[in-house]
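Q: Provided below are the primary sequence and the corresponding predicted coordinates.
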Amino acid sequence: MREPAGFRASPPRDFDGSFAWSPRTISSRAAADLSALGFTSWEGAHVYAGPGDRYVINDNNGDLFSFRRTSGNWGGYVQSRPGDSDTVEVALGAVLPTDFLFLGPVSAVDQANGYRLSLTQAPPAYGSDISQGRRAAWYSLAFLMRSAAALFLDVGRQELLAGIHPGPHPDGPVAYAFLADALENGAGFSTHLGSPQVIADYMQAVHAYLDKLRQTEHAAICTSSCPLCLRDYSNMAYHSLLDWRLAGDLLTVLSRGPASSSTDRARQSLNSLKQICNGTLLGGDLPGLALTSRSGPHAVVAKHPLHMCEQGLVSGDLQPALDAALEHTQDASRIIVADWFTLEKSPIQILDQLQALRA
Ligand SMILES: [Zn+2]
């Protein structure tokens, strides 16, 4: 990545009335040495806060930009032309010192409840364990913390940025939800929120904000996220991932409470698949589908995104549906386990796996 020291415009021309506009999809990434930040713990979470560097990167959608050194006497770089040698392929960015708050799990796995809080996982216990909703849970928690922080501090949401950051942990890398001050050099907000004196009050405010979102006037109209809760113009790139209920479940687990069992949502997430593949619910009302094709029986079991179905640990909540699925298939490798978030948002992934089983 190169950070431009300055810019120079082309020779002036008359405005012709057209200009290119694209929505902001540049992502903010955090680079911080967690061990250099202030540490405090809160319930089932580790909290780090203090100054760090924020990277704002435009990598041209992964293609990078191609520049060549200008032949002019001002010493800069200009866009390269086809056939140029000596080109440099770079992402453009800015490194901005600011204040951060990182919140991550005390442990990557909650053994007692069968939840995984990290984004890596062990091989599946059955045919597959599709858990893409976990990433969405961490993004959603970060933006829930941002909305609640704005109210708690009585500042605009645009004063804070949010995202997730893969950080080191004794259990292997885990995800941290982070907040950062939008102002260059920081306004001190994130450091204040993550300080030992404030963190408990702030997290209580996050819970209180969540309680407000659960009230019918919001909950009845917002199935995943809306401008009233987590969405705004600045996080447009993440809108499809944001779900305040999922954020609430992750927050509850980090607060050492049990996540909602969400069996109804799991069952409903199978509706479209049930119609497309002509399946029937396992055991009449379990969150799983019994399917049959020419190649034989198979099954899809829906779970909460935090639930584990891995070699070594299968969440106890899943066992009734898994047992019924095994009775139907008689073969563990013919059982697809997927979280309701993935089933709702991109059922095509599950259909692809079914196609592979049917081949
Ligand atoms: Zn909403």
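A: Okay, I see it.
Q: and the lengthiest helix in the chain, average pLDDT?
A: Scanning the chain for the longest helix, with DSSP state H as the assignment, gives helix 133-153. Helix 133-153 carries an average pLDDT of 97.
Q: Residues touching the helix or strand just after it, excluding its own?
A: Tracing the chain past helix 133-153, the next element assigned as helix or strand by DSSP states H and E is strand 160-167. The contact list for strand 160-167 (C-beta atoms under 8 Å, 6 or more residues apart in numbering) reads 27-30, 32, 34, 54, 102, 104, 119, 135, 138-139, 142-143, 145-146, 149-150, 173-182, 189-190, 234-235. Every C-beta, even on glycine, is put in place using the N, C-alpha and C of the backbone.
Q: Kindly report the same for stretch 68-76.
A: Residues contacting stretch 68-76 (C-beta under 8 Å, 6+ apart): 8, 77-81, 84, 86-88.
Q: ok, now with 7 Å
A: With C-beta atoms under 7 Å, 6 or more residues apart in numbering as the test, stretch 68-76 has contacts from 8, 77-78, 80, 84, 86-87.
Q: likewise stretch 135-144?
A: 119, 162-164, 175, 177-178, 206, 210, 230, 235, 238, 241-244, 246-247, 249-251, 305-306, 341.
Q: rerun that using 6 Å as the cut-off
A: 119, 162-164, 175, 177, 230, 238, 241-243, 246-247, 250, 305, 341 (C-beta atoms under 6 Å, 6 or more residues apart in numbering).
Q: cool, stretch 345-354 as well?
A: 272-273, 336, 338.
Q: Apply 8 Å and report the result again.
A: Contacts for stretch 345-354 (C-beta under 8 Å, 6+ apart): 127-128, 130, 132, 240, 272-273, 276-277, 291, 298, 300, 336, 338, 342-343.
Q: Next, count neighbours for the residue of the stretch 1-150 of the chain found nearest the ion.
A: Nearest to the ion, among the residues of the stretch 1-150 of the chain, is Ser147, at 9.6 Å (C-beta to the ion). Number of residues near Ser147 (other C-beta atoms under 10 Å) recorded here: 23.
Q: measure it to Ser190 for me?
A: Separation of Ser147 from Ser190 (C-beta to C-beta, to the nearest Å): 15 Å.
Q: Likewise for Ser131?
A: For Ser131 relative to Ser190 (C-beta to C-beta), the value is 29 Å.
Q: Helix or strand for the residue nearest to Pro51 when sequence neighbours are not counted, just tell me which one.
A: Computed as C-beta to C-beta, 6 or more residues apart in numbering, the closest residue to Pro51 that is not its neighbour in sequence is Asp99, at 5.9 Å. Taking DSSP H and E as the criterion, Asp99 maps to strand 92-105.
Q: Can you tell me which helices and strands that strand packs against?
A: In terms of contacts (3 or more C-beta pairs under 8 Å, 6 or more residues apart in numbering; DSSP states H and E), strand 92-105 is packed against strand 45-58, strand 160-167, strand 174-181, helix 189-193.
Q: CA atoms of that strand as PDB?
A: Extracted C-alpha coordinates of strand 92-105, given in PDB (Å, rounded to 0.1, in the frame of the first residue of the first chain):
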ATOM      1  CA  LEU A  92      -3.900   3.500  -2.200                       C
ATOM      2  CA  GLY A  93      -4.400   4.200   1.400                       C
ATOM      3  CA  ALA A  94      -4.100   6.400   4.300                       C
ATOM      4  CA  VAL A  95      -2.700   5.600   7.800                       C
ATOM      5  CA  LEU A  96      -4.500   7.600  10.400                       C
ATOM      6  CA  PRO A  97      -3.600   7.500  14.100                       C
ATOM      7  CA  THR A  98      -6.700   7.400  16.300                       C
ATOM      8  CA  ASP A  99      -8.300   5.800  19.400                       C
ATOM      9  CA  PHE A 100      -9.600   2.200  19.400                       C
ATOM     10  CA  LEU A 101     -11.600  -0.200  21.500                       C
ATOM     11  CA  PHE A 102     -11.400  -3.900  20.800                       C
ATOM     12  CA  LEU A 103     -13.800  -6.500  22.300                       C
ATOM     13  CA  GLY A 104     -13.100 -10.200  21.900                       C
ATOM     14  CA  PRO A 105     -14.100 -13.500  23.600                       C
END
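Q: Quick check: buried residues in it?
A: By neighbour count on 16 or more other C-beta atoms under 10 Å, the buried set for strand 92-105 is 92-93, 96, 98-105.
Q: and the angle for it with strand 174-181?
A: 120 degrees (axes from the mean of the first three to the mean of the last three C-alpha atoms, to 10 degrees).
Q: Begin at 2, not 1, for the rest of this chat.
A: Okay, using 2 as the starting number, the last item reads as strand 93-106.
Q: Average pLDDT for strand 93-106, rounded please.
A: 91.
Q: Would you write out the ChimeraX command that picks the buried residues out of the contacts of stretch 69-77?
A: Buried residues within the contacts of stretch 69-77, by 16+ other C-beta under 10 Å, are selected in ChimeraX with:
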select :78,81,88
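Q: Would you format the contacts of stretch 69-77 as a markdown table with pLDDT included?
A: Conversion of the contacts of stretch 69-77 to a markdown table gives the following (pLDDT from 0 to 100):
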| residue | pLDDT |
| --- | --- |
| Arg9 | 78 |
| Tyr78 | 89 |
| Val79 | 88 |
| Ser81 | 90 |
| Asp85 | 88 |
| Asp87 | 87 |
| Thr88 | 92 |
